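Student: fold the stuff below for me.
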Amino acid sequence: MASTRSTRRRSSILSDKDAAAAALASAIGLGAPDSLEGYFSAARRCGLGEAELAAVVSKAMCVKNSARDITDEASHKNIGVSRVMEDCCADDEVTRLKELAAIASATGASCLSNYRKHKAIGARIGLSEEEIAAVSERALAVKQELLECFAVCMGEAGKGAAGASASEPPGRELIQVDLATNRKGSPPAR
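Tutor: Predicted coordinates for the structure are as follows:
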């Protein structure tokens, strides 16, 4: 496990915009629809425009769906049924932003096949090992935050939050983490 200093150094390699794109893509890859509003809001605050958001969503969903297909193929293979899936991303334009999103989504989806594929594509288009590591670490941090929030909301960790209303599940505040700084609350003024 990387030290906090190492993680901060790697995180600083990414711009706020790239970190927010990675966080959003990780949440999509993980399949966390209840948290998306907060991640979209943070991504917009960090400077992602609507076309960039659409590219992140498109690529993250493609990678998530591919992970589902890979799982489907492997599961059926283990019961003696042959299935072959198409690569939905094969005709997609390769860009830096999309590969950052693909790496983060593959991390969120826990799909090593897609992670390795998009890590290699990212390296081919000029992403450094440090950038890939920073995206992976950001995606893992988001995944951990969301899993902790899910556990709290399900009552498996902690027994509710003081003052939580019936309409707002306990732990919801974990979703509202500032993606640029990894702290709760509003991002610093820009």
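Student: from the centroid of the protein, which residue is nearest?
Tutor: Ser26 (0.8 Å; Cα atoms, centre = their mean).
Student: how close does that residue get to Ala20?
Tutor: Counting by Cβ to Cβ, to the nearest Å, the gap from Ser26 to Ala20 is 11 Å. The C-beta positions use only the backbone N, C-alpha and C, and glycine is treated the same way.
Student: again, but for Arg68
Tutor: Taken as Cβ to Cβ, the span from Arg68 to Ala20 is 25 Å.
Student: same check on Asp72?
Tutor: Distance from Asp72 to Ala20, by Cβ to Cβ: 31 Å.
Student: for the two, indicate the residue with more neighbours.
Tutor: Each of Asp72 and Ala20 has its neighbours counted (other Cβ atoms under 10 Å); Ala20 has more, 29 against 13.
Student: export stretch 14-25 to CSV, keeping only CA atoms.
Tutor: Output in CSV follows, covering the C-alpha atoms of stretch 14-25 (Å, rounded to 0.1, in the frame of the first residue of the first chain):
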residue,chain,number,x,y,z
LEU,A,14,-3.4,14.8,-12.2
SER,A,15,-5.1,18.1,-12.8
ASP,A,16,-8.3,18.6,-10.9
LYS,A,17,-10.2,18.0,-14.1
ASP,A,18,-8.5,14.7,-14.8
ALA,A,19,-9.0,13.6,-11.2
ALA,A,20,-12.7,14.5,-11.4
ALA,A,21,-13.0,12.6,-14.7
ALA,A,22,-11.4,9.5,-13.1
ALA,A,23,-13.6,9.7,-10.1
LEU,A,24,-16.8,10.0,-12.2
ALA,A,25,-15.7,7.1,-14.4
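Student: which helix runs longest in this protein?
Tutor: helix 50-77 (DSSP state H).
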